[in-house]
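> Structure of the sequence below:
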Amino acid sequence: MFRYVALMWDAQLPQLAAASSDWERQLRATAPDWCCVLRRPGIVVLVAGRAAGLGAHLLCDDAGVVVGEIFARPKEIDSDAPAYDGKFNRLETYQALKSQGRSLASQFWGNFVAFVIDDGHLGSGECARYVFKDPSGTLPCYFTEREGVQLLFSCLEDCRRISLSFPVNWEFVRARAVHGFLDMQIPTLLGVSTVHRGECVRFHASGKFVSRSVFWHPSRFEDASELITDPAAASKALRATVRSCIHSFARHHSSVLAQISGGLDSSIVLGCLGDAPNRPNITCYTDYVPEAVCDGRRWARYASQRGAHRHIEWCRDPRDIAFRDMPRLSTTVEPASYFTHWQRGPLDRQMAAEYGATAVLTGEGGDSTLCATSYTFAADHCLRRHGLKAQTWRTALQVASRRDRTLWQVLAKAIRREVFGAGKADERRRQASFNRLVSADLKKGMVAKGGDFNIWSGMGRLPEEIRLRLGTLAFPPAFYDLSTSARHDAPYAVSPLCAQPVFETCARIPIDIHFDGGRSRGLARRAFADVVPVPILRRQWKDRPLRFFEEVIQRNLPFMREHLLEGVLARQGILDRTAVEQALEGGPTRSGAVSGEIFSHLDLELWIRDSS
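Down below sits the predicted model:
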């Protein structure tokens with residue numbers, strides 16, 4: 001799998017140059033495919049595991065390098081042509097230097113980390129190195145300082161191979177237990193810092209950390225204030241942007257896998273993928289649970305048969321899932337989902353090897369981007385533009401009908417939020433749904449601390465509406481298949497509906513426009529009516545296997561009890577033992593804990609064990 005390491009040090013100190021050479025030598029000894037893509041006094045960047053679409057892109061005159069996958073931003077929002085691969089001519093290099101890396105957030109998109117080297121001729125007039133992480137990609141970036149050398153890396157496994165280890169940060173563990181999966185500023189490991197999505201970190205020419213800057217904000221990006229309020233124009237822009245991003249990702253792959261559930265989002269991705277200009281060979285696959293009341297295979301077949309694609313149906317029997325038999329995941333900076341990695345990773349690798357696929361495309365993130373999770377704010381957006389006119393009343397009635405509320409309840413809440421601002425009630429309700437097993441004292445302590453832990457907190461608390469629209473972009477990046485070593489081949493996982501141009505286009509479209517006709521993702525249904533089968537367009541619900549995760553928990557109760565009742569989270573008083581015992585007592589229970597919270601705490605427990 002693709003990964004990188006960068007080393008930065010003070011080129012004026014010979015002993016640091018020697019230490020850097022020693023780190024590089026140790027790293028190269030761990031794998032034969034490490035190669036240098038940039039070497040300058042005081043900085044070297046190496047990559048390994050090159051894959052289709054992922055590589056290194058040099059700035060002119062060795063002014064830096066971009067690792068990963070990068071595309072040039074299209075000038076027209078209505079163009080559905082695939083984006084060109086990012087190439088840095090002298091003008092684009094000059095702009096990157098002059099803006100201290102800021103132009104990368106507006107002129108490019110993709111899945112990349114950029115290293116920009118300012119020798120003092122531009123920018124601040126001082127020698128500096130800028131490291132920028134794109135706003136929507138999954139390729140991570142972490143950094144740590146050892147022996148005067150700054151190491152920047154994507155994969156913790158590479159650090160472990162050269163004998164670098166880092167203790168768990170218990171402040172993070174407590175915050176994670178209370179606040180859930182969100183990408184937080186609090187370091188997960190002591191001695192390791194993160195370059196978050198849309199963030200640029202400045203280092204001195206000596207390699208010393210200087211400062212952080214947020215170059216991209218989910219509600220304050222370039223053109224964010226230019227709303228697209230005409231439904232026809234919004235439909236056209238949405239369609240063009242999604243198609244362009246899918247075709248851009250696909251152009252580097254001759255054979256791909258497509259995860260299809262029969263839902264709208266994965267069907268949109270498959271429909272657009274089917275007419276990509278490079279015509280990749282497509283293999284679809286769908287998970288199903290035997291004898292389940294809810295079975296998505298019928299709908300997935302509509303999607304695959306429309307394009308006459310190969311379609312594999314894969315059985316997931318909860319009775320065959322044994323956590324005790326699962327080996328440890330590869331080490332990672334962020335806690336990861338054991339269940340997801342061991343259910344997806346081996347299957348993706350097996351199918352990719354069988355059909356020669358180099359990428360797997362999913363509809364992940366579509367619910368949030370296309371506003372299925374935030375339609376309750378549709379009346380707010382309509383009120384903001386039209387006041388208390390007929391259109392606002394009609395939208396409020398549509399929301400009320402879908403939510404089983406009265407018109408007056410929906411309208412009163414929208415008015416209250418517009419007049420007084422969105423309070424923290426929605427956020428507290430969201431948190432309460434996944435920290436019911438957490439110690440009451442810890443929750444009170446976190447509330448007393450206050451503040452918002454995301455990287456945009458310096459610009460004010462992130463509203464719940466924006467958090468809902470961010471979806472998976474509010475979570476830490478998940479790039480690697482942790483069920484195997486990073487040195488092994490695994491298909492490149494791509495979620496086009498999370499791409500920066502798609503998010504920005506959707507964010508410029510008010511939620512009431514997305515709620516076209518009072519339908520969840522109504523605008524998307526209109527925009528892609530010609531590529532999604534009619535039965536899926538009409539469908540307003542999702543098929544999820546009832547009690548699947550509950551059955552997995554029951555099948556693994558001894559393992560769950562051992563780790564959550566006798567593990568470190570319980571011993572540290574982070575989990576409430578009584579609440580955990582009720583949740584894991586077996587059979588009917590009065591516990592309000594849902595399976596998602598149980599899995600979340602188990603993932604955190606196992607991550608602490610693996611990090612030790």
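> Spell out the residue ranges of the helices in the stretch 501-612 of the chain.
Ranges of helices within the stretch 501-612 of the chain are 511-514, 522-527, 534-538, 548-555, 557-565, 568-571, 577-583, 595-611, based on DSSP state H, counting those that start in this stretch.
> So which elements touch the strand or helix carrying residue 46?
Assigned by DSSP states H and E, residue 46 belongs to strand 43-48. Packing partners of strand 43-48 (3 or more Cβ pairs under 8 Å, 6 or more residues apart in numbering; DSSP states H and E): strand 3-8, helix 14-30, strand 35-40, strand 55-58, strand 64-72, strand 108-119. Where C-beta positions appear, they are placed from N, C-alpha and C, glycine not excepted.
> okay, those in CSV with mean neighbour count next?
Shown next, in CSV, are the helices and strands packed on strand 43-48 (neighbours: other Cβ atoms under 10 Å):
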stretch, mean neighbour count
strand 3-8, 25
helix 14-30, 15
strand 35-40, 15
strand 55-58, 18
strand 64-72, 25
strand 108-119, 24
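> Quick one: closest of these to residue 281.
Checking the helices and strands packed on strand 43-48 against residue 281 by Cβ to Cβ gives strand 64-72 as the closest, at 20.2 Å.
> Quick check: buried residues in the strand holding residue 46?
43, 44, 45, 46, 47, 48 (16 or more other Cβ atoms under 10 Å).
> For residue 147, grab the count of nearby residues.
For residue 147, the neighbour count with other Cβ atoms under 10 Å is 13.
> Okay, residue 447 and residue 32: tell me how far apart.
Distance, residue 447 to residue 32, by Cβ to Cβ, to the nearest Å: 52 Å.
> higher neighbour count, these two?
Set residue 447 next to residue 32 and count neighbours by other Cβ under 10 Å: residue 447 wins out with 12 against 9.
> okay, and for this structure, where does confidence drop off?
122-125, 293, 422-432, 450-452, 458-460, 542-546, 587-592 (pLDDT under 70).
> mind checking how far residue 13 is from residue 156?
27 Å.
> Those two - which one has more neighbours?
More crowded of residue 13 and residue 156, by other Cβ under 10 Å: residue 156, with 23 against 14.
> related to what we said a few turns ago, could you dump the helices of the stretch 501-612 of the chain to TSV with distance to residue 142 and mean neighbour count?
Conversion of those to TSV gives the following (distance: least, Cβ to Cβ, whole Å; neighbours: other Cβ atoms under 10 Å):
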stretch	distance to residue 142	mean neighbour count
helix 511-514	35	27
helix 522-527	35	24
helix 534-538	40	14
helix 548-555	31	18
helix 557-565	27	17
helix 568-571	23	18
helix 577-583	32	17
helix 595-611	14	20
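> Out of these, which is closest to residue 201?
Residue 201 sits nearest to helix 595-611 of all the helices of the stretch 501-612 of the chain, at 23.2 Å, using Cβ to Cβ.
> so what are the domain limits for the chain?
3-214, 231-369+473-538, 564-611 (automatic domain parsing).
> Turn the ones you listed into CSV, columns for distance to residue 442.
Listed next are the domains of the chain as CSV, based on distance: least, Cβ to Cβ, whole Å:
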stretch, distance to residue 442
domain 3-214, 6
domain 231-369+473-538, 17
domain 564-611, 6
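> of all the ones you listed, which lies closest to residue 553?
domain 564-611 (5.8 Å).
> How far does the closest one sit from its chain's centre?
With Cα atoms, centre = their mean, to the nearest Å as the basis, domain 564-611 stands 25 Å off its chain's centre.
> measure that domain end to end?
Using Cα to Cα, to the nearest Å, the end-to-end distance of domain 564-611 comes to 17 Å.
> again, but for stretch 179-186
Note: stretch 179-186 ends 12 Å apart using Cα to Cα.
> Tell me the gap between it and the middle of its chain.
The answer for stretch 179-186 is 13 Å, by Cα atoms, centre = their mean.
> quick one: the helices in the stretch 351-500 of the chain?
Using DSSP H, counting those that start in this stretch, helices in the stretch 351-500 of the chain cover 366-369, 378-386, 390-403, 407-420, 425-432, 440-449, 464-470, 500-508.
> which other residues reach the shortest one?
Surrounding helix 366-369, the residues in contact under the criterion Cβ atoms under 8 Å, 6 or more residues apart in numbering are 263-266, 268-269, 372-374, 468-473, 497-498, 502-503, 506, 521, 524.
> ok, now with 10 Å
136, 238, 242, 263-269, 363, 372-374, 467-474, 495-499, 502-503, 505-507, 514, 520-521, 524, 542 (Cβ atoms under 10 Å, 6 or more residues apart in numbering).
> and what of the third one?
Residues from elsewhere that reach helix 390-403, judged by Cβ under 10 Å, 6+ apart: 375-386, 388, 405-415, 511-513, 515-520, 522, 540.
> tell me the angle that helix makes with helix 378-386.
Taking axes from the mean of the first three to the mean of the last three Cα atoms, to 10 degrees, one finds helix 390-403 and helix 378-386 inclined to each other by 170 degrees.
> List the buried residues for helix 390-403?
392, 393, 395, 396, 397, 398, 399, 400, 402.
> Just the C-alpha atoms of the strand holding residue 46, please, in CSV.
Extracted C-alpha coordinates of strand 43-48, given in CSV (Å, rounded to 0.1, in the frame of the first residue of the first chain):
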residue,chain,number,x,y,z
ILE,A,43,14.7,17.7,3.9
VAL,A,44,14.1,14.4,2.2
VAL,A,45,10.8,12.8,1.1
LEU,A,46,10.5,9.1,0.5
VAL,A,47,7.6,7.0,-0.8
ALA,A,48,6.9,3.3,-1.0
